[in-house]
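Student: output the structure for:
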Amino acid sequence: MSDSATNLSNLAQLPEKTWLERALHAVLFEVGGVILVTPIAAWIMDASVSHVGVLAVILASTAMTWNALFNFVFDKIERKQGWQRTPKIRTLHALLFEGGFMLMALPLTMWWMDLSLWQALALDIGFFVFFLPYTYAYNWAYDALRLQYFRRFRPA
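Tutor: Numbering: from 1, shown residues only. All right, here's what the predicted structure looks like:
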């Protein structure tokens, strides 16, 4: 590996993500989430996969917009503060992302599934319990692959 490639030792040294890359990141995240969560939620709620699936796609579409916006702002703050993606920062990232999204998802979940506030909150907490580790793991894997890509194919 060249000296310039070895200088790519952390994410802060990589080029900023383009909007196209951010869109790819969000789409891959949401597709994976919908595939994993829809059958589980349908089974738990004793609802049809199609009814839960429509909600999942609506929430995923909303989440993609939130994902791009949230990660754009978080990345700017991260670079400005010189943060490294340590477990503590990754946990903060996942908590802020999922907490903010849960606030947006609650009214939609209540309406679509015809649930009370408490039922929808319980469902959203269940989604949160699923998506919190999923968010952490997905972003860790994405960052690791991105770092490897720039080390191998686009040395600094």
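Student: which element follows the lowest-mean-pLDDT helix or strand in the chain toward the C-terminus?
Tutor: Sorted by mean pLDDT, DSSP states H and E, the helices and strands of the chain end with helix 3-6, the least confident at a mean of 39. Using DSSP states H and E, the helix or strand that follows helix 3-6 in sequence is helix 19-45.
Student: mean confidence for the longest helix anywhere in the chain?
Tutor: Ranked by number of residues, the top helix in the chain under DSSP state H is helix 117-153. For helix 117-153, mean pLDDT is 88.
Student: now swap in stretch 41-53 and tell me
Tutor: Computed over stretch 41-53, the average pLDDT equals 92.
Student: output that stretch as CSV, nothing but the C-alphas.
Tutor: Written as CSV, here are the backbone C-alpha positions of stretch 41-53 (Å, rounded to 0.1, in the frame of the first residue of the first chain):
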residue,chain,number,x,y,z
ALA,A,41,-43.9,-6.8,13.0
ALA,A,42,-46.7,-8.4,11.1
TRP,A,43,-46.3,-11.6,13.2
ILE,A,44,-46.2,-9.7,16.5
MET,A,45,-49.2,-7.6,15.6
ASP,A,46,-51.1,-10.4,14.0
ALA,A,47,-51.6,-8.2,11.0
SER,A,48,-51.1,-8.9,7.3
VAL,A,49,-47.6,-8.5,5.9
SER,A,50,-49.0,-6.3,3.2
HIS,A,51,-50.6,-3.8,5.7
VAL,A,52,-47.5,-3.7,7.8
GLY,A,53,-45.4,-3.6,4.7
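Student: what residues of it count as buried?
Tutor: For stretch 41-53, the neighbour count (16 or more other Cβ atoms under 10 Å) marks 41-42, 45, 52-53 as buried. C-betas here are computed from N, CA, C, even on glycine.
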